[in-house]
Every structure is written in structure tokens, then in C-alpha cells.
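Colleague: Everything below, folded, please.
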Amino acid sequence: MSSQSATVAGAGTAIVDLLVRVDDEFLARELPDGRGNTTWVEAARLDELIRRLHERGFQPEKAPGGSTGNLLCGLSELGCETRFLGWLGLDDDGVYYRDTFAESGGGIHSFKYHPSKHTGRCLSLVSPDADRSMATDLGAAAEMRADGIQTSDLDGANLLHTEGYLCGLNDRTFLPMLLARAKSAGIPVSFDLASYGIVRKYRDEISRYLQDYVDIVFANELEAAEFAGTNDPEAMLRALAQLCPVAAVKLGALGSVVRMDGRTVRIAPEPADPVDATGAGDLWQAGFLFGWLHHAPPEVCGRIGSILGAAAVSHFGARLPENAWRDLRARVRTLI
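Modeller: The predicted structure is shown next:
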């Protein structure tokens, strides 16, 4: 399969990121239980956090975000056709998100628009060690509804990618219906566990989705540990691989472990100077899926993932500049 013929549909929370570097004191005071995780907040609480940032002299930068959106943009930059099934508000942030997704090469016809809810926002607080802690107000993204899924959203797709964040939608039928439609259409599914908080809250239903619908599952070390009840990477991987044909556990600076084609493979990390971990896992997954779409072996899929993940962690924010993508495309071409 050539990159031009690979079509990836993604369903996820369409969210505008507000990125800001903060000190440990601010994190300890404002998000004492949320370091390294996603904390769900109401719009008023997010506005309060932004006000306190401004009072301390911190200035957030706006960027398109959301796990699935980051992944789809990465695949678009590598040459895949992508489309995003996500809900936006009829506001300036919704226009901004749609237009920046289109600029990256993504298809926008699957976006839906809520008539009264604002576009989702995520305040991404980047600590001095380059970790990120997120306070998220889903806004319109929480209103994704099963009756909004259209046949055209999945038509011609070679893969559906989705995320654990959709377990928390107001319409709890959205995710299982979408997964069932993909399965009935013979479309493989990849699934990102999203956050350890999501796994903790929705573990049982995630397990059912993985067993019944999912072909490829991604988790970082915190999510995999929460799911498997152990901190041993091999045991984490086994717990996921029992449910899905392909499983990948991202271990940050220690690389990753992958179970694919009946083999367990350890992938070495790509050297990087950490600046910001926002989007690094999403681009790792984009790289892995690009290799998988080209029928590459697990070593190559993981290698491409490591290359993209390292590039992401070396930049502030999840979206990379065009000169970085030119170099990445050249490196990836030597592996496929």
C-alpha cells in the first residue's frame, strides 16, 4: 500500500491546546493530583487557571491539539489521506481548528458542529522536566453523538483510529456504535488508551472494546501499568496483547515494547533533547501506524514511531514546523 492510497479515519476529541511552561510550584498548587495526567474541568475552572497564569506572568500559546488530531496531522504530513470525525463549536476556535487541520492536509468533511457549545480547550502545563499536565474542558467535544455518525465518515478507510477519551462522552453509545460499524465494514481499528485516569475509570469497558473490536492498542507506561496492575513492561504488554493482535507500550526515554506478528520486540529510543512531551506519544503512534499501513515489520514500525516521537519531544507543542517534517519524511522513506 502506498502512502497516497492509505486512508485513515480518526474519531476523537477536537480540542484547542493552550500551551504554557510553568514552574513546579504552580503545578503543585493548582493541579496537586493531576501531574502528568488529564484533569477534567468546567469552563469556569479553566478560565480561572488561565487568569492565574496571567497573574504570574505566564502566557499560554494557542495550538490545535487533541490526541487523535495530533496523530492524524502526523499521518497527513507523511502522505496519508486523513479525515477527522470530531465535534467543534460554532466559534473562532472551531474555525481555527478546522482550518489548521486542513492546512496540514487533513480532510474536514467529517467535522460536526454543535450549535451552542464552545470548542473544547486543553490547558497543557509544561513543567521544567518537559512533562505535561493537562486541564481539559471538552466543550462541544463531549457532545459527540451516535446519530451524527455518517456512512461517509468511514467510506474507503483503511484504518479507524480512536481514543479512550471517548469513553467519557455524554452519549455513551457513540464509541461502541462507531467500533461496531468499523468491524462490520471490515476496517481495522487502532485504539489509544488516552490516560491512566481514563483507564482507571473505564477499564472494564475498554477491555471489552479491545477484545471485541480493536486490532492495534497503544499505551504509555502509566496507562499500561494501570490496565495490567503491574509496573513490569513485559507483563503490561502481555495483558494488552491477550486482547489485541498488535500491542505497543511506550516507555518514554526507555523506548518501547511491541507485540506483533507473534513476536515481542523491544524498540530503542531515538536520542532527543526534551523540550515538551505534548504530542510525543501521538506522533509515535502516527509513525508506527504509517509503518503498519505499509506492511512493515514491528522493528520498522517502532523505529518510525521513535523517530517521530523524538522530534515531537524536541519541540514546544505537538505540531512540528515544515522544515522538521521535510527531514522526517526523508528519514522515513529510507525505512519503508
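Colleague: can you pull the contacts of the spatially closest residue to Pro176 that is not a sequence neighbour?
Modeller: Counting by CB to CB, 6 or more residues apart in numbering, Tyr209 is the residue found nearest to Pro176 once chain neighbours are left out, at 7.1 Å. To be clear about C-beta, it is placed using only N, CA and C from the backbone, and glycine gets the same treatment. By CB atoms under 8 Å, 6 or more residues apart in numbering, the residues touching Tyr209 are Leu175, Pro176, Leu179, Phe191.
Colleague: Can you flag the buried ones in the residues you listed?
Modeller: The neighbour count (16 or more other CB atoms under 10 Å) marks Leu175, Pro176, Leu179, Phe191 as buried among those.
Colleague: which ones among those residues are found in strands?
Modeller: Judged by DSSP state E, strands contain the following of those: Phe191.
Colleague: Spatially nearest residue to Val117, not counting backbone neighbours?
Modeller: One thing to correct before we go on: residue 117 is Lys, not Val. Here the residue nearest Lys117, using CB to CB, 6+ apart, is Ala140, at 4.0 Å.
Colleague: quick check, the one you found in a strand?
Modeller: No: applying DSSP: H, G, I helix; E, B strand; the rest coil, one finds Ala140 to be helix, outside a strand.
Colleague: residues contacting it?
Modeller: Ala140 touches Ala14, Trp87, Leu88, Gly89, Gly94, Tyr113, His114, Lys117, His118, Thr119, Gly120, counting by CB under 8 Å, 6+ apart.
Colleague: if you skip the residues just before and after it, what's nearest to Ala224?
Modeller: The nearest residue in space to Ala224 (CB to CB, 6+ apart) is Met236, at 3.7 Å.
Colleague: CA atoms of whichever strand or helix holds the one you found as CSV?
Modeller: Taking DSSP states H and E as the definition, Met236 sits inside helix 233-241. What follows is helix 233-241, C-alpha atoms only, in CSV (Å, rounded to 0.1, in the frame of the first residue of the first chain):
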residue,chain,number,x,y,z
PRO,A,233,6.8,-3.7,30.9
GLU,A,234,6.7,-7.2,29.6
ALA,A,235,3.7,-8.1,31.8
MET,A,236,2.0,-4.9,30.7
LEU,A,237,2.5,-5.8,27.1
ARG,A,238,1.2,-9.4,27.7
ALA,A,239,-2.0,-8.1,29.3
LEU,A,240,-2.8,-5.9,26.3
ALA,A,241,-1.6,-8.5,23.7
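Colleague: count of neighbours near Asp131?
Modeller: When neighbours are counted by other CB atoms under 10 Å, Asp131 registers 16.
Colleague: distance of the nearest residue to Thr230 once chain neighbours are set aside from Arg259?
Modeller: Nearest non-adjacent residue to Thr230, counting by CB to CB, 6+ apart: Met236, 6.3 Å away. Met236 sits 10 Å away from Arg259, going by CB to CB, to the nearest Å.
Colleague: swap in Pro115?
Modeller: Pro115 is 44 Å from Arg259, where distance means CB to CB.
Colleague: more neighbours, these two?
Modeller: Arg259 (22 against 8).
Colleague: so is the more buried one in a helix, a strand, or just coil?
Modeller: Here Arg259 is recorded as strand under three-state DSSP.
Colleague: that older thread, pretty sure the residue nearest to Pro176 is in a strand, no?
Modeller: No: Tyr209 is assigned helix when assessed by three-state DSSP, not a strand.
Colleague: what's the pLDDT at it?
Modeller: pLDDT recorded at Tyr209 is 98.
Colleague: tell me, what residue is most central in this structure?
Modeller: The geometric centre of the chain, computed from its C-alpha atoms, lies nearest to Ser67 (CA atoms, centre = their mean), at 2.4 Å.
Colleague: Test my guess that that residue contacts Tyr165.
Modeller: Yes: counting by CB atoms under 8 Å, Ser67 does reach Tyr165; the two are 6.9 Å apart.
Colleague: Now list whatever residues contact both of those two.
Modeller: With CB under 8 Å, 6+ apart, Ser67 and Tyr165 have common neighbours Gly12, Thr13, Ala194.
Colleague: Ser104: which of those residues is nearest?
Modeller: Taking CB to CB as the measure, Ser104 lies nearest Gly12 of these, at 15.0 Å.
Colleague: show me where the stretch 101-250 of the chain has strands.
Modeller: 112-114, 120-126, 132-137, 159-163, 189-192, 216-220, 246-250 (DSSP state E, counting those that start in this stretch).
Colleague: where exactly do the helices run in this structure?
Modeller: In the chain, the helices defined using DSSP state H lie at 24-30, 43-55, 67-78, 92-103, 151-154, 174-184, 196-212, 221-228, 233-241, 280-293, 298-313, 322-333.
Colleague: How far does the first one sit from its chain's centre?
Modeller: If you compare the mean C-alpha spot of helix 24-30 with that of the full chain, they lie 25 Å apart, counting by CA atoms, centre = their mean, to the nearest Å.
Colleague: likewise the second one?
Modeller: For helix 43-55, the distance from its own C-alpha centre to the chain's C-alpha centre is 25 Å (CA atoms, centre = their mean).
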